[in-house]
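Engineer: sequence? don't have it. structure:
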């Protein structure tokens, strides 16, 4: 059965960084916050958390922001790896099968993601 786009209740962008690239991640986070006040900037995670194998922060946003926020991230990510995925309530599928990557594709720990 095909999934309907209206099953997407929101989107998440995970912005990955390390010690050397944290300044770029800070600049991108600040720019997103200024340009997209309706986006929700998540906490900094300086160590891997959940399925993520690298430090990151999350940006949560409504489907209506996708056409402008995702291109903004693409053009301003300064080489950072970014995972963008829908929120359909199916975490494993959203992270592993419905995801879009910018830059390096990083490994995810699927074992911690519920079906």
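Structural biologist: Cool, the structure landed. For clarity, every value in this text was computed on a predicted model and none was experimentally measured. Residues are numbered from 1 along each chain as shown.

Engineer: now residue 114: how far from residue 26?
Structural biologist: With distances taken as Cβ to Cβ, to the nearest Å, residue 114 is found 31 Å from residue 26. (Glycine included, C-beta is placed from N, CA and C.)

Engineer: neighbour count winner among these two?
Structural biologist: Applying other Cβ atoms under 10 Å to residue 114 and residue 26 shows that residue 26 carries more neighbours, namely 13 against 7.

Engineer: any idea how far residue 60 is from that one?
Structural biologist: 18 Å.

Engineer: what about the closest residue to residue 74 other than its chain neighbours, how many residues nearby?
Structural biologist: When the adjacent residues along the chain are set aside, residue 74 lies closest to residue 102, with 5.7 Å between them (Cβ to Cβ, 6 or more residues apart in numbering). For residue 102, the count of nearby residues is 17 (other Cβ under 10 Å).

Engineer: contacting residues around residue 102?
Structural biologist: With contact taken as Cβ atoms under 8 Å, 6 or more residues apart in numbering, residue 102 is in contact with 73-74, 77, 80-82, 84.

Engineer: ok, and the closest non-adjacent residue to the residue nearest to the spatial centre of the chain?
Structural biologist: Taking Cα atoms, centre = their mean, the centroid of the chain lies closest to residue 13, which sits 1.6 Å from it. In this structure, residue 13 finds its nearest non-sequential neighbour in residue 59, 4.4 Å apart by Cβ to Cβ, 6+ apart.
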